[in-house]
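Trainee: Sequence below, structure please.
(4 chains)
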Number of protein chains: 2
Amino acid sequence: MDIDQILDSVSPIHKDPKAILKSYIKEVNFPKGHLLLHAQKCEKSIYFIKKGIVRAYSNTAENEVTFWFGKEGDAVISMKSYIANQPSYENIEVLEHSCFYEMNHTELQKLYNEHIEIANWGRKFAENELLKTEERLISRQFRTASERYNELLKNHPHLIKRVQLSHIASYLGITQVSLSRIRAAKN
Amino acid sequence: MDIDQILDSVSPIHKDPKAILKSYIKEVNFPKGHLLLHAQKCEKSIYFIKKGIVRAYSNTAENEVTFWFGKEGDAVISMKSYIANQPSYENIEVLEHSCFYEMNHTELQKLYNEHIEIANWGRKFAENELLKTEERLISRQFRTASERYNELLKNHPHLIKRVQLSHIASYLGITQVSLSRIRAAKN
DNA sequence: AAGAAAATTTTACAAATGTTAAATAATGAG
DNA sequence: CTCATTATTTAACATTTGTAAAATTTTCTT
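Mentor: Presented below is the predicted three-dimensional model:
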């Protein structure tokens, strides 16, 4: 997915302000296993996935909890760092060799104060991410693990194949044994 | 909580653009039981709570699920309507006689395109709400019902007293019987 | 292709949560 | 203040989910 398409899918933006934005964006590659963002660390960059998949997780006292999967076109960002300049909640792990568009937070903030069209692009960016986060919250609050598993199968069929079931189980908030039972019940 | 304080707490804003914003805001009162927002309806207004408390809920096939409590200073809004111009997920019920600041979505959108400082205020508004929603999601994903109950006791002690336990149980994602057991275990 | 390592499923049992109904406590109307 | 209504807790039992460990399948390395 190329950068023009990604920027426009956030909110259509005219040629000139888009060129300004793009001049601050560079392409970077990372191998499978690389940590793109680090929990407890104040991150400086925002990424968009050009090609590949990633996983967000946090470590609790007992175990590791996966809570998001990112795919092409998705923004990879610590909102806590981007918005509040505070340490990230999440580790983001690259699940297969992937290519990203990278941009620096601070430079983006500066552009927000200089160009109204970029400010409104940034507003739409936050608004879109808000709707996605709300959707995730509602999914968790209203649907059973089994329903959410089917949702995942439907919305991210490619992902299931590439991600360990232990990660999917923790994403669903159940044990891997329970997930096995759900999967077994479908046959 | 007065409107200047609320607007500035979203993001400090200069006198002139703030005056423009305020010229579109009016004060409204509603009694206990009033429905401020309606699920399945495309809502036109955003509210800020001057005084009072509210509850967000949705009806599923079987039952009613409470998923948010709002208090003074909080924004009461259907993000789905505000951002995507689509029907609201939530009903918002006024839990005791309350006073709100009301503003129209469409007028706000217009201001975003005319004043860069208001555009950035709107960006910060979405960003702040995003952090709050993320916090709610993380709370649900990482903490047990019991921990979340204690969190609620700590952060909203006044609320617990004024809200039925059946609502709190559904907010925590457990049955009222389980909540009783949690409460009993603390004595 | 064979063997080792890792991932997934299955089993047996324990613990937690849900369901239904009854008992108790709190609230509100007259 | 009293009675009726509503809210909350408790009890008994059923169901679901978790835990630990073994069995099986898949993946990776050589």
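Trainee: only C-alpha atoms for contact and neighbour calcs from this point on.
Mentor: OK.
Trainee: Near DNA strand C, which residues of chain A? Just list them.
Mentor: Counting by C-alpha under 7 Å from any atom of the strand, chain A comes close to DNA strand C at A:163, A:164, A:165, A:166, A:176, A:177, A:178, A:179, A:180, A:181, A:183, A:184.
Trainee: Return the subset of those residues lying in helices.
Mentor: A:165, A:166, A:176, A:177, A:178, A:179, A:180, A:181, A:183, A:184 (DSSP state H).
Trainee: Could you give the number of residues near the third one?
Mentor: Here the number of neighbours of residue A:176 (other C-alpha atoms under 10 Å in any protein chain shown) works out to 16.
Trainee: need the contact list for it.
Mentor: A:165, A:166, A:169, A:170 (C-alpha atoms under 8 Å, 6 or more residues apart in numbering or on different chains).
Trainee: before we move on, back to that, considering the residues of chain A next to DNA strand C, which possesses the most neighbours?
Mentor: Busiest of these [other C-alpha under 10 Å] is residue A:179, holding 21 neighbours.
Trainee: Once you drop chain neighbours, what's closest to that residue?
Mentor: Nearest non-adjacent residue to residue A:179, counting by C-alpha to C-alpha, 6 or more residues apart in numbering or on different chains: residue A:169, 5.9 Å away.
Trainee: how about that neighbour, secondary structure?
Mentor: helix (DSSP: H, G, I helix; E, B strand; the rest coil).
Trainee: pLDDT-wise, which helix or strand of chain A ranks last?
Mentor: Using mean pLDDT, DSSP states H and E, the weakest-scoring helix or strand in chain A turns out to be helix A:157-162, at a mean of 81.
Trainee: Give me the buried positions along that one.
Mentor: Buried residues in helix A:157-162, counted by 16 or more other C-alpha atoms under 10 Å in any protein chain shown: A:159, A:160.
Trainee: What segments of chain A are strands?
Mentor: A:26-30, A:35-37, A:45-51, A:54-59, A:64-70, A:75-76, A:91-94, A:98-104 (DSSP state E).
Trainee: Not counting the second one itself, show me its contacts.
Mentor: By that I understand strand A:35-37. With C-alpha under 8 Å, 6+ apart as the criterion, strand A:35-37 contacts A:43, A:77, A:78, A:88, A:90, A:91, A:92, A:93, A:94.
Trainee: number of nearby residues for the residue in chain A that chain B sits nearest to?
Mentor: Among the residues of chain A, residue A:123 lies nearest to chain B; the distance is 4.1 Å by C-alpha to the nearest C-alpha. Neighbourhood size, residue A:123 [other C-alpha under 10 Å]: 25.
Trainee: Provide a list of residues in contact with it.
Mentor: Per C-alpha under 8 Å, 6+ apart, neighbours of residue A:123: B:119, B:120, B:122, B:123, B:124, B:126, B:127.
Trainee: distance between stretch A:81-98 and the chain's centre?
Mentor: Mean C-alpha position of stretch A:81-98 versus that of the full chain (C-alpha atoms, centre = their mean, to the nearest Å) differs by 8 Å.
Trainee: what about residue A:111, distance to residue B:78?
Mentor: 29 Å (C-alpha to C-alpha, to the nearest Å).
Trainee: Please say which of these two ends up with more neighbours.
Mentor: For residue A:111 and residue B:78, the more surrounded residue by other C-alpha under 10 Å is residue B:78, and the numbers stand at 28 against 17.
Trainee: Make CSV out of the contacts of residue A:176 and add pLDDT.
Mentor: Compiled in CSV, these are given as follows (pLDDT from 0 to 100):
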residue, pLDDT
A:165, 94
A:166, 93
A:169, 95
A:170, 92
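Trainee: So chain A: which segments form each domain?
Mentor: A:3-142, A:144-187 (automatic domain parsing).
Trainee: which one of those lies closest to residue B:28?
Mentor: Across these, residue B:28 has its closest neighbour in domain A:3-142 (26.2 Å, C-alpha to C-alpha).
Trainee: what's the first-to-last distance across that closest one?
Mentor: Terminal-residue distance, domain A:3-142 (C-alpha to C-alpha): 35 Å.
Trainee: And for stretch A:149-162?
Mentor: 15 Å.
Trainee: what does it contact?
Mentor: With C-alpha under 8 Å, 6+ apart, stretch A:149-162 has contacts from A:53, A:168, A:172.
Trainee: Let me have those residues in JSON lines, extended by pLDDT and neighbour count.
Mentor: Formatted as JSON lines, the contacts of stretch A:149-162 follow (pLDDT from 0 to 100; neighbours: other C-alpha atoms under 10 Å in any protein chain shown):
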{"residue": "A:53", "pLDDT": "86", "neighbour count": "24"}
{"residue": "A:168", "pLDDT": "94", "neighbour count": "23"}
{"residue": "A:172", "pLDDT": "94", "neighbour count": "23"}
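Trainee: which one of the residues you listed is nearest residue B:1?
Mentor: Among the contacts of stretch A:149-162, and counting by C-alpha to C-alpha, the member closest to residue B:1 is residue A:172, at 39.4 Å.
Trainee: so can I have CSV of the residues of chain A next to DNA strand C showing distance to residue B:153?
Mentor: Listed next are the residues of chain A next to DNA strand C as CSV, based on distance: C-alpha to C-alpha, whole Å:
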residue, distance to residue B:153
A:163, 38
A:164, 37
A:165, 35
A:166, 33
A:176, 32
A:177, 33
A:178, 31
A:179, 33
A:180, 36
A:181, 36
A:183, 38
A:184, 40
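Trainee: from the chain's centre, how far out does stretch A:70-84 sit?
Mentor: 5 Å.
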